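In: Just a sequence and a predicted model for now, questions to come.
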Amino acid sequence: MRKALYGPKPAGTPALAVLAVLTAVAQTGPVALKSPGGAIEVSIAPVRGQSVQAVGGQLAYRVEFRGQPVIRWSNLGLVLESSPPLGGAVRIDSSQASSHDETWTPVAGKASPIRNHYNAVRVGALPLGFLGSGDYDAEIYADGPNAAAQPKDSVAGKRRVNARTVLKLRLAPGGGCAIRLVPVR
């Protein structure tokens with residue numbers, strides 16, 4: 001069941017932020033994001049040690065400056081009570097690059113104009129294997145169909161999930177999703 005929510009999403013509930021639209025086809029290489037000038041590059045991939053894996057590695061990132069490593073592959077993850085760590089058996093399903101460039105003038109202050117220029121990437125990972133055994137009710141708060149034009153447009157729904165579940169979500173450009181997982185007793 002889905003219903004439209006208008007106004008802020010519920011606060012104070014534990015949530016897992018979902019980074020991207022989940023699809024069925026896995027990517028084979030790291031997702032790379034470069035700064036607008038190209039000097040800084042951040043990569044995200046599943047790895048084992050320092051080797052990139054197509055499927056089943058630890059979710060990790062690395063940073064390079066002008067082609068030289070600044071941060072070698074370093075693990076990303078999330079530890080939830082009574083569950084294995086999230087990020088240990090992940091595959092990247094999709095990625096979507098975007099760019100933004102705007103200039104604005106502040107109302108007060110000496111810095112004028114201010115430029116906001118960045119590149120972004122949305123990465124889709126398949127992380128529900130961290131749940132372990134048992135079923136969970138997933139309370140899903142996601143972008144509504146008009147969220148790109150109307151930021152308050154969102155939908156809420158509930159779905160029974162387990163470690164084998166694949167969630168497929170449609171997110172607005174620049175949007176997101178929150179999922180609250182509650183064990184079924």
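Out: Yep, that arrived.
In: immediately after the helix or strand of the chain with the lowest mean pLDDT, which helix or strand?
Out: When the helices and strands of the chain are scored by mean pLDDT, DSSP states H and E, strand 16-18 comes last with a mean of 31. Using DSSP states H and E, the helix or strand that follows strand 16-18 towards the C-terminus is strand 31-34.
In: Dump the C-alpha coordinates for that next one into CSV.
Out: Taking Å, rounded to 0.1, in the frame of the first residue of the first chain, the C-alpha atoms of strand 31-34 are listed here in CSV:
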residue,chain,number,x,y,z
VAL,A,31,32.2,3.9,-10.3
ALA,A,32,34.5,7.0,-10.7
LEU,A,33,33.6,10.6,-9.9
LYS,A,34,35.9,13.5,-10.9
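In: May I see the buried residues of it?
Out: Buried residues in strand 31-34, counted by 16 or more other C-beta atoms under 10 Å: Val31, Leu33. Where you see a C-beta, it was placed from the backbone N, CA and C, and this is true even at glycine.
In: now swap in stretch 44-51 and tell me
Out: Ile44, Ala45, Pro46, Val47.
In: And those residues, which is closest to Pro30?
Out: Nearest to Pro30 out of the buried residues of stretch 44-51 is Ala45 (C-beta to C-beta; 3.6 Å).
In: What is the helix or strand containing that closest one packed up against?
Out: Using DSSP H and E, Ala45 sits within strand 40-48. Strand 40-48 sits against strand 31-34, strand 58-65, strand 92-104, with contacts defined as 3 or more C-beta pairs under 8 Å, 6 or more residues apart in numbering; DSSP states H and E.
In: Can you name the residues in contact with that strand?
Out: 29-35, 52-65, 73, 76, 90-92, 121, 123 (C-beta atoms under 8 Å, 6 or more residues apart in numbering).
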